[in-house]
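**Q** Below is the sequence, then the predicted model.
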Amino acid sequence: MTVSSTRFPRARACSARLLVLLALLLPTFPLLAQDWTYRVRPGDTLWDLGARYLKPSVAWEQLQAHNRVADPYRLPPGSQLRFPIAWLRVQPAPARVLAVRGPVQARRGDNGPLHDVAEGEQLGIGTHLLTGSDASVTLAFADDSRLQLREHSHLRLDQLSRYGHTGMVDTRLRLEQGRSSNRVTPAKGPASRYIIDAPTATSSVRGTQFRVSAGGAGRMAATEVLEGRVQVGNRRGQQLVTRGQATRNRALDARPDTPEALLPAPVLARTGLRLDPLPALLAWEAVAQATQYRVEVVRADQPEILLFARDTADTTMTVPDLPPGLLRLLVRAVSADGVEGLDAQADFNVRDQPAPPLTVRPVNGDTLASPRPRFEWSQAEGAASTVLQVATEPQFLQPVLEQEGRGTRVRAKDDLAPGAYYWRVASRDGNGHRGRFGQPVALAISDAPVDPALQPPQAAKGQLTLRWQAGEPGQRYRVQLDKRGDFAQPLLDQQLDQPEVTLKRPWHGTLHVRVQTIDDDGYAGPFSPAQQVTLPCRTCYGAGGGALLLLLLL
């Protein structure tokens, strides 16, 4: 298979165009005189093979004469027949869109209307592909060669055909702008071609993996070889570029530069790298001569399908969200002129099941007075347990709390200082596999005193009743009364099921009251601030009119 890349500047004279075109076509002329070889199978006949592989204008008798077959009715199995390339049937072979990420548009011809590209779409000869910012598209050709077109790129499909059922494919592309990554299937015959016309050079390979940059915007046009060998050249000369090398292509009138080693793959940091759970935290060691880095996440089984891409000058990055599946992280160094180096890579799994539970309480934006709040959620199908995380920021880069429970609610095992927080939960199945986390829920922890909303005391029939605001269902209450206010030796210390207490033989004078809420799991929250209650004398109280004299001092 042949792979090449050359584009002719529009401003050049027609004579220059013809010279370059002739230089490109000369290597293809011998192919027209070459033969494709077929190994005869039992039951094959010349007329059947002619109908299957030859153009309608070529008779099977010509195939007989070309191979000097004496008896067309007896073809020995295992023998070889030679088919001239020029005689072979040629059929259109549209490219298939494997994946689309971000805004990608296409048009037929130079002036056709643009339309959004969809996954599974068939693209024929003459189609222009244009990608926007943070966008990419992956194409599959007739021989399953793959091309990934990156952001801010423009590609034209010049030739998409196949030689009948021979397995040979003729794919010719023109990279007007941007970058492409290519994984080319090994050639199956002498007529196989995979050609990329780029601004300054031609790259020829026979089954390999390489990247092509059209240059511009401060980036050098270049060919970077990751697997195999690539013959890179133009009318000024040729360069053989092998695995791990790149050649810079400065101009159409200049021979490609001598190949140089690609920048080495960055070393992924042992600390600071967290691929699970999301958001993923990435970190790597700096590479000498690198001015920035290219970070990508691809499908591990189809690395041409790009799921995430960013350029950065830092050596750390956060990836907020990714689709489920077995994924691969790629990090490469980029030189000052935009030539990209070798990839550091790490595979990781993003699980989508079991699904995260639905959060119940605290609800988004709640302010809680307890330093150890209780979190509650619904039961997710297939979940054996639930993982709770609490963090001070919504990306959960450094959770301040992580704990697991088997029910649908759990109390924080550690005290949370006053401040703003976020919480989220994920389900874990019976095999220990954890699904993705749900959306973060904001809450705040406050150390402000809790007002129990103590009501004015009520006196009736020789008794005094104190009431306060009810809490959540299932909560109990602890009430204390003290004469001095330090509650060192309270006059009353009682736990109640209802938010009220009745004093049969009350004291007189000023008392201090405070209330504590006890949850159904036994957790006791902080006491409310003490409030003062002034009680009348027993005689006034016993007369039943003392209620009018009672005062509540908040």
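**A** Happy to help now that I have it. Small disclaimer: the values here were computed from a predicted structure and weren't measured. Numbering: from 1, shown residues only.

**Q** what sits against Gly112?
**A** Going by Cβ atoms under 8 Å, 6 or more residues apart in numbering, Gly112 touches His128. Every residue, glycine included, has its C-beta placed from N, CA and C.

**Q** again, 10 Å this time
**A** Contacts for Gly112 (Cβ atoms under 10 Å, 6 or more residues apart in numbering) come out as 106, 126-128.

**Q** tell me the two of those that are most distant?
**A** Pairwise distances across the contacts of Gly112 (Cβ to Cβ) peak at 10.5 Å, for the pair Ala106 and Gly126.

**Q** shared neighbours of the two, which are they?
**A** Joint contacts of Ala106 and Gly126 (Cβ under 10 Å, 6+ apart) are 112, 157.

**Q** quick one, which of those two is more surrounded?
**A** More neighbours surround Ala106 than the other of Ala106 and Gly126, with 21 against 15 (other Cβ atoms under 10 Å).

**Q** Test my guess that the more buried one contacts Pro94.
**A** No: in this structure Ala106 lies outside contact range of Pro94 using Cβ atoms under 10 Å: 11.9 Å.

**Q** tell me, what's touching these two both at once?
**A** Counting by Cβ under 10 Å, 6+ apart, the common neighbours of Ala106 and Pro94 are 121, 123, 127, 157.

**Q** Secondary structure element holding Arg211?
**A** Assignment of secondary structure by DSSP states H and E places Arg211 within strand 209-213.

**Q** Summarise which helices and strands that strand is packed against.
**A** Other elements packing on strand 209-213 under the criterion 3 or more Cβ pairs under 10 Å, 6 or more residues apart in numbering; DSSP states H and E are strand 2-4, strand 146-149, strand 169-177, strand 179-183, strand 193-197, strand 222-227, strand 229-234, strand 245-248.

**Q** again, only this time at 7 Å
**A** Helices and strands touching strand 209-213, by 3 or more Cβ pairs under 7 Å, 6 or more residues apart in numbering; DSSP states H and E, are strand 179-183, strand 222-227.

**Q** Of all the ones you listed, which one comes closest to Arg476?
**A** Checking these against Arg476 by Cβ to Cβ gives strand 179-183 as the closest, at 65.3 Å.

**Q** The residue nearest the centre of the chain: which element?
**A** Taking Cα atoms, centre = their mean, the centroid of the chain lies closest to Leu322, which sits 3.0 Å from it. Under the criterion DSSP H and E, no helix or strand holds Leu322.

**Q** The chain: helices as residue ranges?
**A** Counting by DSSP state H, one finds helices in the chain at the ranges 14-25, 29-33, 46-53, 60-67, 538-542.

**Q** For the longest one, what does the pLDDT average out to?
**A** The predicted model assigns helix 14-25 a mean pLDDT of 39.

**Q** can you check the third one too?
**A** The average of the pLDDT scores along helix 46-53 is 93.

**Q** repeat for stretch 368-378
**A** Here stretch 368-378 scores 93 as its mean pLDDT.

**Q** Span of that stretch from start to end?
**A** Stretch 368-378 has an end-to-end distance of 20 Å (Cα to Cα, to the nearest Å).

**Q** what residues does it touch?
**A** Residues outside stretch 368-378 that contact it (Cβ atoms under 7 Å, 6 or more residues apart in numbering): 357-362, 386, 388, 408-412, 415-416, 423, 425, 443, 445-446, 448, 450, 519, 523, 525-526.
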